[in-house]
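Novice: The sequence and its predicted three-dimensional model are supplied below.
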Amino acid sequence: MYPPVGLSPEDVVPSGDYYKAEMNRLRGNAIVQAAETEAVLAEILRILDPSATNRTRTAGQLIAEIKKRLDAHTLGRWSWALCAITEAIERRNRIVHDTVQIGYSWRDYATGDGGEHVPVISLLGTKDMDEVDLRNDLERQQEATESAIKILHFLQHRDGESEEARYCETCMENKEGQQADGG
Ligand SMILES: [Zn+2]
């Protein structure tokens, strides 16, 4: 609102709020997606041990409790999914706690007539990170939710005997997939 007096344009560094807002929006999306994974993990733990869900747990605690209660065969079968979820949780924790900063550099116009500040680096915490990284994070969180849902489905329908499992489209698709693989 008040043009700074006695300062050259070069001295007035932009706040970076515009870029921060977009990065924070992307962070928010990743965090919401992580909350969905957490809800699925709570559901998995409820199936494995209904008595274990009477207190709130962080996603990290949920996955530890789930691993404790899975037999070795199931653990081996789903180790890739459990790894993906664990990594996503770690990423989420970093995204939540760090803040976004935008670094600017002054560039003179080629015409020699003035110049402008251009954003040259964005940081999340102390790490160089941009919108592409945050989009990748969102994708990682989406994959973690899918992985958790696959484990949940496996636990719900693995015996294949319930009425629900017999008419479950996912189970049918899996069966077809196994037949196509020759096993
Ligand atoms: Zn099913």
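Specialist: Structure received.
Novice: What is the subsequent helix or strand relative to the biggest helix by length in the chain?
Specialist: Looking across the chain with DSSP state H, the single longest helix is helix 17-48. Next helix or strand after helix 17-48 toward the C-terminus (DSSP states H and E): helix 59-69.
Novice: for the helix or strand following that next one, which positions count as buried?
Specialist: Next helix or strand after helix 59-69 toward the C-terminus (DSSP H and E): helix 72-77. Neighbour counts over helix 72-77 (16 or more other CB atoms under 10 Å) mark T74 as buried. Quick note: C-beta positions are derived from backbone N, CA and C, even for glycine.
Novice: Tell me the secondary structure at L7.
Specialist: Following DSSP: H, G, I helix; E, B strand; the rest coil, L7 is assigned to coil.
Novice: in what helix or strand does the residue nearest to Y19 when sequence neighbours are not counted lie?
Specialist: With CB to CB, 6 or more residues apart in numbering as the criterion, Y19 has its nearest non-adjacent residue at 4.8 Å, and that residue is I102. For I102, the host element (DSSP H and E) is strand 100-108.
Novice: same deal with P119?
Specialist: In the assignment (DSSP H and E), P119 maps to strand 115-124.
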